[in-house]
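Participant: No letters, just coordinates:
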């Protein structure tokens with residue numbers, strides 16, 4: 001039995017799924033896509049462990065802002081970002097440290 005599994009991630013970003021559902025998309029070119037999927041597509045990340053970084057949806061982070069999605073960089077857990085629908089994905093990626101991929 002394996003006790004460890006390797007990944008190519010240099011970074012992991014957590015996105016609150018409950019906030020994404022409450023906002024109802026709001027990201028991407030047509031503003032209908034969830035933040036996690038829009039970020040993955042915008043940064044051209046591969047799926048699963050083969051990508052350079054991981055963008056993961058987690059159940060609830062407990063902040064629950066109105067009209068925003070909570071996003072956390074796993075390497076910098078002290079800073080949580082609130083992302084409004086329609087935000088520029090380049091700015092979001094830079095804020096959570098995904099620009100040096």
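Facilitator: Sure, I can see it. The model shown is predicted, which means the values in this text are computed figures rather than measured ones. Numbering: from 1, shown residues only.

Participant: From residue 23, how far out is residue 65?
Facilitator: Distance of residue 65 to residue 23, computed by CB to CB, to the nearest Å: 10 Å. All C-beta atoms are positioned from the backbone trio N, CA, C, and that covers glycine.

Participant: Comparing these two, which shows the higher neighbour count?
Facilitator: residue 23 (20 against 15; other CB atoms under 10 Å).

Participant: List the residues that contact residue 13.
Facilitator: 39, 53, 54, 55, 56, 71, 72, 73, 74, 96, 98 (CB atoms under 8 Å, 6 or more residues apart in numbering).

Participant: quick one: the fifth one is in a strand?
Facilitator: Spelled out, it's residue 56. Yes: assessed by DSSP: H, G, I helix; E, B strand; the rest coil, residue 56 belongs to a strand.

Participant: What about it, how many residues nearby?
Facilitator: Neighbours of residue 56 using other CB under 10 Å come to 12.

Participant: Does it touch residue 39 like I think?
Facilitator: No: counting by CB atoms under 8 Å, residue 39 is not a contact partner of residue 56; they are 10.6 Å apart.

Participant: got any residues that touch both of those two?
Facilitator: With CB under 8 Å, 6+ apart, residue 56 and residue 39 have common neighbours 13, 15.

Participant: So which residues of this structure form strands?
Facilitator: 12-16, 54-58, 69-73, 80-83 (DSSP state E).

Participant: Nearest to residue 90, out of those strands?
Facilitator: With CB to CB as the criterion, residue 90 lies closest to strand 80-83 of the strands of the chain, at 12.4 Å.

Participant: what comes up buried for the closest one?
Facilitator: By neighbour count on 16 or more other CB atoms under 10 Å, the buried set for strand 80-83 is 80, 81, 83.

Participant: Mind putting the strands of the chain into TSV with mean pLDDT?
Facilitator: Formatted as TSV, these follow (pLDDT from 0 to 100):
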stretch	mean pLDDT
strand 12-16	95
strand 54-58	93
strand 69-73	96
strand 80-83	96
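
Participant: buried stuff in stretch 52-72?
Facilitator: For stretch 52-72, by 16+ other CB under 10 Å, it's 53, 54, 55, 57, 61, 68, 69, 70, 71, 72.
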